[in-house]
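[1] Here is a sequence with its predicted model. Questions after.
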Amino acid sequence: MPQPRRGRGSRLASTRVASTSLPRAVPVFPRRAGRRASLLSHAQRLTPRRHSSELVPAEPELRPDFRSGKWLREPASGDFGDWRQRLLAGMGTRHRIYDQEELVIPYASDSDSGSVDLQLSDLEGIQKDSSSTDLTDLEIPDIPEFSQESFTDSLRNLNRGSPLSQTSVERLVQSIQEVFRGKLKGEQAKLKFLRSLSSLSQTLLYDETTESFIHRHIADIVHILNVLVQEEPLNYLSSPVLQEVLVTITEFSYQDVHLLLDSEDRDDLLNLIVKILITLPSVDILIQLQGARQSGLHNTECLYRQTFQAFSDMLQSFVMKDPHLEKFDTIFKHMEPWLQSAKNHERKRATATMAQVLKCLSRHLSLKLPLQFQRLGHLVALMALLCGDPVKEVAEEAAEGTHYLLHITLRLKCKALLKAVFEVFLSSTELCQFVMTTLDSLKNLPYPRSQQTAGELLITLVKNAESRFEKVPEIIGVICARLSIICQPKVRQQVINTVSLFISRPKYTDIVLSHLLCHPVPYDRHLAELWRTLEVELPSTTWILWRLLRKLQKCHNVVTQEKMAYVAVSVTNALYEVFVGNKLRAATFRLFPQLLMTLLIQIHHSIGLTMSDISIPRGLYAEQEMSTDIIPLSFAMQATKTLLLRTMCWQEFNIMEKNNGWTLLKGDCHLQGVFLLANALLERNHLLAHRILYLLVPLLNRGNKKHKLTAAAFFVELLQSPVARRLPSMYSTARLKDWLCHGNNAFRILALRGLFNLLRHKEMGENIKNLLPCLLDSLCEADERIVLLTIQILLQLVQKMDFTTLAAMMKTLFSLFGDLRPDVHRFSMTLFGASIKSVKHTHKKNAEKQVLESLVPLLLYSQDENDAIAQESRQVLTICAQFLKWKLPQEVYCEDPLYIKPDEVETICNFFGKKCQGKINILAQTLMYSKNAKLPIRRAAVLFVGLLSKFMDRSELRIRGTEWIENVLKDLLQDPEPSLRLIASQALFRVQRVGELEPEQTVCWLRKLLGCLPT
């Protein structure tokens, strides 16, 4: 700094005394002299009137206070050339302790724009004697406590006025070297060494020998200082040694020799000093601890205050010349933990010290690139949080420090426009530091007021600068980790609103969602609360829900995967929490079709899975064991149910419950559950159903197999709606035709179900008629569902078939008579009967043979043990008789077993034997059914064979004989069923009897013929 002008009286730096939490006494201002500054300034020779609390400058300069809008009177700051004089005047040769504390204001030079301008607090509990006489150097020896001045002290006092002689410098160097070679014993030896160092430091400006000596032995000096500090007690002040260490370090700093910077061992010493001073007990406790060690209350308190002032001055000396802010970065690194201390007195000291350092830095800021301080946002957040500290003194000091921090920030960001103070001036990295520090502070803030301040700071900053953050995942991670320790509902909501602000911006939506979804499921109550209470502006709700939905849909697009992606389960859980919270209600209604279909698909994917089938990120469950009760399916089911309830689909929900729909959905009959839900929506809420229909049209061929199946199942049920008539054929019948030829039976079933639903619309019949060849092929399928659905469709198309198609279908249906699948058997006969009815008059002759061949099977199956089949057989038999213009005997309709009514059986056989004679060999046809798997059918066939033999054409029997019939009946004599063996033996007797009567009847016929001949 420039030296003060000669001939001018010193001006007071300020008449304003700031109220701070740090106890302050006589200021220990470092002598600040440039290398070319004169050491003989008038201000340096002035020792009287050091305590200028009674002096007021005539015309103080008015300067604005940016914090309160008021004007503070602050004159120009003083020169540091006078610092050493006032410092030494405040201390004697031994203890430098006064019985009375005095307020000292630093000097200022006219040419200096500003100095440290340290603000001193009121000295609480100290009675100031306004009439006390100022002490001068000449009066010091008269005070017993300050007598016996040493040689070093003499040199130091001499150095205030003129440079040291070469002899004096050599003596100082020699005394210091002796310490290097030996040990310091006793307080006086320590003080002598430290003062010798201080005195020697003043010669660095003009003595090259001294400069060389100091730089060669700087490691030794640091080591000895370290030893001296370590020897000091940790919980009380017993001597001015520590204070003298601080003064010595300060004096070297002003000579650009930094004993606490630029190396690891020096950094450790700084850390030790900070720890010792900050952790000292409060002044009251210190007085109690040292009651037996000090002669009076004032000496103890003065030592305490002066030591802390020396500590503050030492830190300020570091930043006087700090163009790259690397020294300030070091200070902040060591002070940061104490700014967040849970102990009030530690936090109070750290805050007051930091405020003074910031003030000094703001007054002497002269920056050069590159800047080494990269944690501005972190510092801003800490100071801002401390402004809300419940301890009044801490809050006031923090407010003052923040005021100066704003000045520094303005200088750092001078090219920015003043829009909203810190949130505008801080860079993206600094913004993240601010937020991270604010969030980190939540875990160490035991006071509700402090947590509230943190919450308000956080939400305010993010609102104004939300688009400029970079480390959003880290911020969200800290928020999730801190939610559990925030007890105030208002603060919790503010923190959650911070997440809402980030997630509502498209730039961060996916980033935030990805991080939130990477948590163990089911979510704990804190993360569940976050999802449920998201506060997002209406335009953004749909975007957020859509992005969440897309993450789940992407999992369904994977064609093959060994394990389900964890994000699929996590998203499903998140959707459930969102639906429960109902904060995104408008978006839920708007995206209902997509949400419902995606959740149904997720249910399909989750069936039968456990968490071991999920690809869980490594380390996700590191801190907790995953419960075996957790299954992925439960998340999808509860999300689907909640979606229906939140969208007021209560009737649909009730239908699903009453018809066991939820059980169907989560089992092997998943598609049946989908059919049920689709029909419920179509019945109760056709508008929503139509929206889903239009959604599904372009999505049916997307995704993997389960995705397509679930979507197709819902789609084919909605084809019942009249809206389906508007769909182009490429989206309806053409797509169903493709599925009909699909290799997967499930798709074929869905295609048939869709065709059946389309046939409800009459105008769709012609398009479906073109699919008859494919449908006829489906009658031969092994899958019962395919055959039955095909029969249902053909029943509606049978009237529109040409005869060729009809005949081919009848032939196929005839082959299904007696099918082991009861429903196939029954409905094949039903369709056969419908086909006979559909035969036009011109084609009746061509269809007659097929009808005649069906008589025996229908007659026999009228005896089926399945009543439905038996009844259907009689009905179709009647249709055949009507086609043939026959009138069946009433015995055909007898519902009792025919084997117990032989007379009725004989009437039936007589009827059919005569009607079919010469048209069809019903005996051979009946004999074929004697090997049927069903006992009632075998028994009826054997019974009919025995009775039909009486009414068969004798000429046919003459040609073929009866051995082929007897052989079959003889085999049946070994059947395990007694009733069948009995009926078989009777039938065999009748057949054999017919065979035996044949020769006799022939002779009688010849006799009659011969009798007619003339003899």
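    Yes, it's here.
[2] quick one: contacts of stretch 697-717?
    For stretch 697-717, the surrounding residues in contact (CB atoms under 8 Å, 6 or more residues apart in numbering) are 553, 556-560, 597, 600-601, 603-605, 670-671, 674-675, 677-679, 682, 692-693, 696, 727, 731, 735-736, 739, 744, 746-747, 750-751, 753-754, 757. For every residue, glycine as well, the C-beta is placed using N, CA and C.
[3] Tell me which stretches of the stretch 501-650 of the chain form helices.
    Along the stretch 501-650 of the chain, the segments classed as helices by DSSP state H, counting those that start in this stretch run 506-517, 525-532, 538-556, 566-581, 585-590, 592-606, 632-646, 650-658.
[4] how about TSV for those helices, with mean neighbour count and distance to residue 199 added?
    As requested, the helices of the stretch 501-650 of the chain are arranged in TSV below (neighbours: other CB atoms under 10 Å; distance: least, CB to CB, whole Å):
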stretch	mean neighbour count	distance to residue 199
helix 506-517	18	60
helix 525-532	19	62
helix 538-556	18	69
helix 566-581	24	70
helix 585-590	17	77
helix 592-606	24	82
helix 632-646	22	77
helix 650-658	16	91
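[5] Format those as CSV; extra columns: mean pLDDT and distance to residue 188.
    As requested, these are exported to CSV (pLDDT from 0 to 100; distance: least, CB to CB, whole Å):
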stretch, mean pLDDT, distance to residue 188
helix 506-517, 91, 63
helix 525-532, 92, 61
helix 538-556, 90, 73
helix 566-581, 95, 71
helix 585-590, 92, 80
helix 592-606, 95, 83
helix 632-646, 95, 77
helix 650-658, 95, 91
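[6] And stretch 198-215, end to end?
    With CA to CA, to the nearest Å as the measure, stretch 198-215 spans 15 Å from end to end.
[7] Let me know the average pLDDT across it.
    If you average the pLDDT over stretch 198-215, you get 82.
[8] circling back: among the contacts of stretch 697-717, which ones are buried?
    553, 556, 597, 600-601, 603-605, 670-671, 674-675, 677-679, 682, 692-693, 696, 727, 731, 735-736, 739, 746-747, 750-751, 753-754, 757 (16 or more other CB atoms under 10 Å).
[9] Can you pick out the ones from those residues that are in strands?
    In strands, judged by DSSP state E, none of those are found.
[10] Can you tell me the closest non-neighbouring residue to residue 220?
    Distance criterion CB to CB, 6 or more residues apart in numbering; nearest residue to residue 220, sequence neighbours excluded, is residue 180 at 5.1 Å.
[11] Go through the helix or strand hosting the one you found and flag the buried ones.
    Using DSSP states H and E, residue 180 sits within helix 166-181. Using 16+ other CB under 10 Å as the test for burial, helix 166-181 gives 168, 169, 171, 172, 173, 175, 176, 179.
[12] One more: stretch 252-272?
    Buried residues in stretch 252-272, counted by 16+ other CB under 10 Å: 252-255, 257-261, 266, 269-270, 272.
[13] One more: stretch 873-892?
    By neighbour count on 16+ other CB under 10 Å, the buried set for stretch 873-892 is 873-874, 876-881, 883-884, 888, 891-892.
[14] quick revisit: downstream of the helix holding residue 180, the next helix or strand is which one?
    That would be, after helix 166-181 and using DSSP H and E, helix 187-201.
[15] Mind listing what's buried along that following helix?
    In terms of neighbour count (16+ other CB under 10 Å), helix 187-201 has its buried residues at 190, 191, 192, 193, 194, 195, 196, 197, 198, 199, 200, 201.
[16] Tabulate those residues in JSON lines, adding columns for distance to residue 964.
    What follows is the buried residues of helix 187-201, written out as JSON lines (distance: CB to CB, whole Å):
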{"residue": "190", "distance to residue 964": "134"}
{"residue": "191", "distance to residue 964": "138"}
{"residue": "192", "distance to residue 964": "141"}
{"residue": "193", "distance to residue 964": "136"}
{"residue": "194", "distance to residue 964": "135"}
{"residue": "195", "distance to residue 964": "140"}
{"residue": "196", "distance to residue 964": "140"}
{"residue": "197", "distance to residue 964": "135"}
{"residue": "198", "distance to residue 964": "137"}
{"residue": "199", "distance to residue 964": "141"}
{"residue": "200", "distance to residue 964": "139"}
{"residue": "201", "distance to residue 964": "135"}
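[17] Could you identify the most distant pair in those residues?
    Using CB to CB, the buried residues of helix 187-201 span at most 16.8 Å, a distance reached by 190 and 201.
[18] Can you tell me the number of residues neighbouring residue 520?
    19 (other CB atoms under 10 Å).
[19] that older thread, adding pLDDT and distance to residue 355 as columns, could you present the buried residues of helix 166-181 in TSV?
    Putting these into TSV (pLDDT from 0 to 100; distance: CB to CB, whole Å) gives the following:
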residue	pLDDT	distance to residue 355
168	84	40
169	83	39
171	84	41
172	86	36
173	84	39
175	84	38
176	85	36
179	82	36
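[20] Who are the contact partners of residue 337?
    Taking CB under 8 Å, 6+ apart as the test, residue 337 contacts no residue whatsoever.
[21] gap between it and residue 438?
    To residue 438, residue 337 is 16 Å away according to CB to CB, to the nearest Å.
[22] And the helix or strand hosting residue 352, what does it pack against?
    Following DSSP H and E, one finds residue 352 within helix 344-363. Judged by 3 or more CB pairs under 8 Å, 6 or more residues apart in numbering; DSSP states H and E, helix 344-363 is in contact with helix 264-278, helix 297-319, helix 326-339, helix 376-386, helix 392-412.
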